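>>> Next one to model:
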Amino acid sequence: MRNIPDFTCEHGVATLILREIPVKEEAYCLVRWAQPGEEPALLEQCRRFCRMAGAQRVYATGVELSQEPAFRILRMTAPRPAEQDQSLCLWPLLGENWETYRRLYNEAMVSVSGARLLEDRDKDRMVQAGGAYFVHRDEKLLGLGQVEGNKLLSLVSCVPGAGQQVATALLHVISEDVAELRVADNNERACRLYRRMGFVPVGIEETWYEL
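Okay, the predicted model is just below:
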């Protein structure tokens, strides 16, 4: 299902992210502009459209509502790990292992708030960009993830308790002294891991409300 970059009505303009509906039954609305006092009407239009498209849950950002947020996207930073476990090996994402990467990633992210699932059309972009890896030890897959610049874009642990090892291996790919990531604050397990690794919140990137 395709996203709608410019969903327009008499109340304003929003971007509708619909691509997660077939798997997660979730849609996301990014309010870009609304007529004064007409944000509620715009959000209702977005909610109705997303529900007709099959979404069971619709989230919105770019607005401030009186209700409690469903989740916030935190920006966290930490010094790059100084020590490297030499027993960990990074295998890059290639065309021939794309299907395995995509399957494992999507299985892990399907229940994560705000996580974007991978589609076939992401393959060429990710392979060409580099930065996506499988993390192994003694030929056993521990996890996978992606980095870009100094940012940890994603992290998936395939073995219980291996999250910190996978994260440390991925963070050693970056060249800067300070690492950065984004995580939903209701993803308590990931937040605990990152705090244990020394990451601290430095800001809120987005606040999402359920419509």
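>>> going forward, measure contacts between C-alpha atoms and count neighbours the same way
OK.
>>> all helices for this protein, in order.
Using DSSP state H, the helices of the chain run over 21-24, 39-52, 98-109, 123-129, 163-171, 188-196.
>>> Just say which of those is most tucked in.
helix 163-171 (a mean of 23; mean count of other Cα atoms under 10 Å).
>>> Report the inter-axis angle for it versus helix 188-196.
Helix 163-171 and helix 188-196 are oriented at 60 degrees to each other (axes from the mean of the first three to the mean of the last three Cα atoms, to 10 degrees).
>>> just how off-centre is helix 163-171 within its chain?
Taking Cα atoms, centre = their mean, to the nearest Å, one finds helix 163-171 lying 17 Å from the centre of the chain it belongs to.
>>> Would you mind finding the longest strand in the protein?
strand 200-210 (DSSP state E).
>>> ok so, going back, ok, which of the helices of the chain comes nearest residue 7?
Ranking the helices of the chain by proximity to residue 7 (Cα to Cα) places helix 39-52 first, at 8.1 Å.
>>> Give me the residues contacting that closest one.
If you take Cα atoms under 8 Å, 6 or more residues apart in numbering as the criterion, helix 39-52 is touched by 9, 11-14, 16, 18, 27, 29, 34, 57-58, 60, 63, 211.
>>> Please list the members of those that lie in strands.
Members of these lying in strands (criterion: DSSP E): 9, 12-14, 16, 27, 29, 34, 57-58, 60.
>>> who touches residue 27 in this structure?
By Cα under 8 Å, 6+ apart, the contact set of residue 27 is 16-21, 50, 55, 57-59.
>>> one more time with 6 Å, if that's ok
Residues near residue 27 by Cα atoms under 6 Å, 6 or more residues apart in numbering: 17-18, 55, 58.
>>> for the longest strand of the chain, packing partners?
If contacts are counted by 3 or more Cα pairs under 6 Å, 6 or more residues apart in numbering; DSSP states H and E, strand 200-210 sits against strand 57-61, strand 71-79.
>>> Tell me which of those is the most buried.
strand 57-61 (a mean of 22).
>>> re earlier: what about the helices of the chain, which gets the closest to residue 2?
Closest among those, once you apply Cα to Cα, is helix 21-24, at 9.9 Å.
>>> C-alpha coordinates for that closest one, CSV please?
Extracted in CSV, the C-alpha atoms of helix 21-24 (Å, rounded to 0.1, in the frame of the first residue of the first chain):
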residue,chain,number,x,y,z
ILE,A,21,-1.4,-1.3,7.2
PRO,A,22,-1.2,-4.7,5.5
VAL,A,23,1.1,-6.1,8.3
LYS,A,24,0.8,-3.9,11.4
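>>> Distance from that helix to the middle of the chain?
Remark: helix 21-24 is offset 15 Å from the chain centroid, using Cα atoms, centre = their mean.
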